[in-house]
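Asks: prediction below, plus the sequence it came from.
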Amino acid sequence: MVSVAPTEQKTLRRLMAAGLVGSSIEWYDFFIYATAAALVFPKLFFPEATPIVGLLLSFSTFWAGFIARPIGGLVFGHVGDKFGRKPALVICLALMAAATFLIGLLPTSATIGVGAPVLLVTLRFLQGIAVGGQWGGVVLLLTESAGAGKRGFAGTFGQAGVPIGVLLGNVAFIAATTTMSAEAFASWGWRVPFLASALLFPVVLFIQLKVEDSPVFRELKERRATAPAVAHAPLKEALRTHRRPILLGAGLMFASNAIFYVSIAGVLSYATVTLGLSRESVLVVSLLSSAVSIPVILWAGHASDRLGRRPLIIAGAIGLVVWAFPYFLLVDTASLLLLFVATTIGGIASSLVYGPIAAYLGELFEPHVRYSGASLAYQLASILVSGGTPFIMTALLGATGTSMSVSAFLCLMGLATLFSALKLPETHRVNAS
């Protein structure tokens with residue numbers, strides 16, 4: 001990893017701020033789809049289906065974004081290594097903003113029939129490509145620029161964008177649902193959060209452009225120009241020589257991803273449809289629990305610079321295994337307070353895992369395969385777990401009639417993360433170039 005001299009600390013701070021803002025807006029665009037998929041897409045794009053089938057179809061379109069993420073990681077890994085971080089990130093931001101804005105303009109099935117869900121899936125796929133390309137560039141630039149003793153903390157400024165994106169998305173939907181009638185929201189109000197992405201894009205673009213031209217970025221670009229293996233994003237070499245850390249690195253994400261998407265998408269549908277809670281109240285609970293996760297992610301990354309990556313990840317994985325069944329026992333009470341307790345404690349355990357991941361995944365790979373290896377591990381988990389979790393939760397509830405089946409799934413994901421962390425080495429004291 002690249003060490004940053006004291007004279008470059010101002011540049012590093014600007015880089016961390018840009019990573020936080022850019023990631024937050026990008027994830028906002030990606031996550032508002034989850035809320036819409038739970039609340040309005042089944043009726044608007046799959047009106048002929050039964051409620052349970054419509055929800056399954058809606059969550060399957062949500063999954064399409066995760067299937068696309070590895071493609072984005074590989075394509076923009078090549079662009080970022082060969083042409084620089086700036087063009088890769090700018091293209092990703094523009095693609096995400098355009099796809100999200102166009103979702104807000106989509107005609108529904110009532111207007112164009114089967115073409116509506118086809119267009120919806122296409123735009124969701126483009127969202128996935130954009131976010132898949134953006135993650136590796138931001139977190140590697142942050143961690144490689146921070147120096148050996150600060151990589152964990154620096155990486156969290158990309159990771160914290162996830163709960164901030166959820167928070168912003170929930171604020172947008174709460175504002176839409178509380179300022180208009182249910183009929184207006186179903187007719188056109190749901191479009192407002194998607195269209196709002198166009199207002200945020202110029203701010204993010206400005207920050208990304210200014211920061212990417214920093215001395216640290218130019219140094220990284222020059223180093224890659226002299227290392228052809230890095231410049232050409234060597235996917236084949238990563239798969240040939242680093243299969244074990246790729247697979248185990250993906251496993252590190254299973255528990256955190258599963259409980260996160262259960263909380264922001266699966267529980268939103270379950271609590272409103274099955275438990276009869278108001279969607280505004282559930283969105284507020286999700287907003288508050290996301291707000292708690294932000295400082296925990298930052299603290300976990302900082303602590304991992306002193307204690308190591310594995311202790312934090314192992315503690316979080318054990319917490320998620322232990323909390324899997326109490327989680328739904330509390331949710332099933334239909335108490336908003338207990339729902340908040342369930343999602344917040346689950347979010348804290350998840351954040352212990354997620355905070356150090358940005359630095360840890362990068363440190364698991366040698367410099368010349370780092371971008372490809374870290375991106376592939378992260379995005380592989382998105383295909384296997386993240387996008388499918390709301391679908392799996394809905395299918396389990398439909399097949400078993402009990403939320404305990406979802407708890408068993410969460411417990412299994414926690415054990416997978418624990419196993420992966422125990423099999424991987426500690427890396428936080430390694431001074432990689």
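Replies: Arrived safely. Since we're looking at a predicted model, the values are computed, not measured. Numbers count the residues shown, from 1 in each chain.
Asks: now the residue most central in space within the chain, nearest residue through space, not along the chain?
Replies: Most central in the chain under Cα atoms, centre = their mean is V162, positioned 5.4 Å from the mean C-alpha point. Excluding the flanking residues, the one nearest V162 by Cβ to Cβ, 6 or more residues apart in numbering is W27, at 5.2 Å. In this view, the C-beta of every residue, glycine as well, is placed from N, C-alpha and C.
Asks: isn't that neighbour right next to G165, touching?
Replies: Yes. The pair formed by W27 and G165 meets the contact definition of Cβ atoms under 8 Å, at 2.8 Å.
Asks: what about the residue nearest to the centre of the chain, which helix or strand?
Replies: Taking DSSP states H and E as the criterion, V162 maps to helix 161-178.
Asks: what's that helix packed up against?
Replies: helix 9-39, helix 191-195, helix 279-307, helix 336-363 (3 or more Cβ pairs under 8 Å, 6 or more residues apart in numbering; DSSP states H and E).
Asks: possible to save those helices as CSV with mean neighbour count?
Replies: CSV is the format used below for those (neighbours: other Cβ atoms under 10 Å):
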stretch, mean neighbour count
helix 9-39, 23
helix 191-195, 19
helix 279-307, 21
helix 336-363, 25
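Asks: could I get these as CSV with mean pLDDT and distance to L56?
Replies: Shown next, in CSV, are the helices and strands packed on helix 161-178 (pLDDT from 0 to 100; distance: least, Cβ to Cβ, whole Å):
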stretch, mean pLDDT, distance to L56
helix 9-39, 81, 11
helix 191-195, 91, 22
helix 279-307, 91, 19
helix 336-363, 94, 23
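Asks: want to throw these into JSON lines with distance to A98?
Replies: Shown next, in JSON lines, are the helices and strands packed on helix 161-178 (distance: least, Cβ to Cβ, whole Å):
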{"stretch": "helix 9-39", "distance to A98": "10"}
{"stretch": "helix 191-195", "distance to A98": "11"}
{"stretch": "helix 279-307", "distance to A98": "26"}
{"stretch": "helix 336-363", "distance to A98": "26"}
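Asks: pLDDT-wise, which helix or strand of the protein ranks last?
Replies: In the chain, the helix or strand scored least confidently by mean pLDDT, DSSP states H and E is helix 228-231, which has a mean of 48.
Asks: could you give the mean pLDDT of the helix or strand just after that helix?
Replies: Next helix or strand after helix 228-231 toward the C-terminus (DSSP H and E): helix 235-241. If you average the pLDDT over helix 235-241, you get 70.
Asks: who touches helix 235-241?
Replies: Residues from elsewhere that reach helix 235-241 (Cβ atoms under 8 Å, 6 or more residues apart in numbering): L74, G77, A229, I246, F365, H368, V369, S372, G373, L376.
Asks: export it to PDB, keeping only CA atoms.
Replies: Extracted C-alpha coordinates of helix 235-241, given in PDB (Å, rounded to 0.1, in the frame of the first residue of the first chain):
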ATOM      1  CA  LEU A 235      -8.700 -11.500 -13.300                       C
ATOM      2  CA  LYS A 236      -7.200 -14.800 -14.700                       C
ATOM      3  CA  GLU A 237      -4.200 -14.600 -12.400                       C
ATOM      4  CA  ALA A 238      -6.400 -13.700  -9.400                       C
ATOM      5  CA  LEU A 239      -8.600 -16.800 -10.100                       C
ATOM      6  CA  ARG A 240      -5.600 -19.000 -10.700                       C
ATOM      7  CA  THR A 241      -3.500 -18.100  -7.700                       C
END
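Asks: next SSE after it?
Replies: Next along the chain after helix 235-241, taking DSSP H and E as the criterion, comes helix 243-252.
Asks: return the set of buried residues in that next one.
Replies: Judged by neighbour count using 16 or more other Cβ atoms under 10 Å, the buried positions of helix 243-252 are P245, I246, L248, G249, A250, G251, L252.
Asks: also stretch 325-334?
Replies: For stretch 325-334, using 16+ other Cβ under 10 Å, the buried residues are F325, Y327, F328, L330, V331, D332.
Asks: picking up where we left off before, buried residues in the helix holding V162?
Replies: Buried, per 16+ other Cβ under 10 Å, within helix 161-178: 161-170, 172-174, 176-177.
Asks: so what's A255 up against?
Replies: G316, A317, L320, V321, S350, V353, L410, M413, G414, A416, T417, L418.
Asks: which of the residues you listed has the most neighbours?
Replies: Using other Cβ atoms under 10 Å as the neighbour criterion, V353 leads the contacts of A255 with 32 neighbours.
Asks: I'd like to know how far that residue sits from V192.
Replies: 34 Å (Cβ to Cβ, to the nearest Å).
Asks: related to what we said a few turns ago, nearest to P295 among the buried residues of helix 161-178?
Replies: Within the buried residues of helix 161-178, the smallest distance to P295 is 9.7 Å, found for P163 (Cβ to Cβ).
Asks: wait, the closest one touches P295, no?
Replies: No. At 9.7 Å, P163 does not count as touching P295 under the criterion of Cβ under 8 Å.
Asks: about what we covered before: touching the helix holding V162 from outside, list them.
Replies: For helix 161-178, the external contacting residues (Cβ under 8 Å, 6+ apart) are 19-32, 34-36, 39, 185, 189-190, 192-193, 196, 260, 264, 279-280, 283-284, 286-287, 290-291, 293-294, 297, 347, 351, 354.
Asks: rewinding a little: closest one to F66 among the helices and strands packed on helix 161-178?
Replies: helix 9-39 (9.7 Å).
Asks: contacts for the next helix-or-strand element following the closest one, please.
Replies: Downstream of helix 9-39, the next assigned helix or strand under DSSP H and E is helix 41-45. Helix 41-45 is contacted by residues 49, 51, 54-55, 57-58, 61, 108-110, 116-117, 120, 186, 190 when judged by Cβ under 8 Å, 6+ apart.
Asks: in space, what's closest to S350 - neighbours in sequence excluded?
Replies: That would be S256: by Cβ to Cβ, 6+ apart, it lies 4.4 Å from S350.
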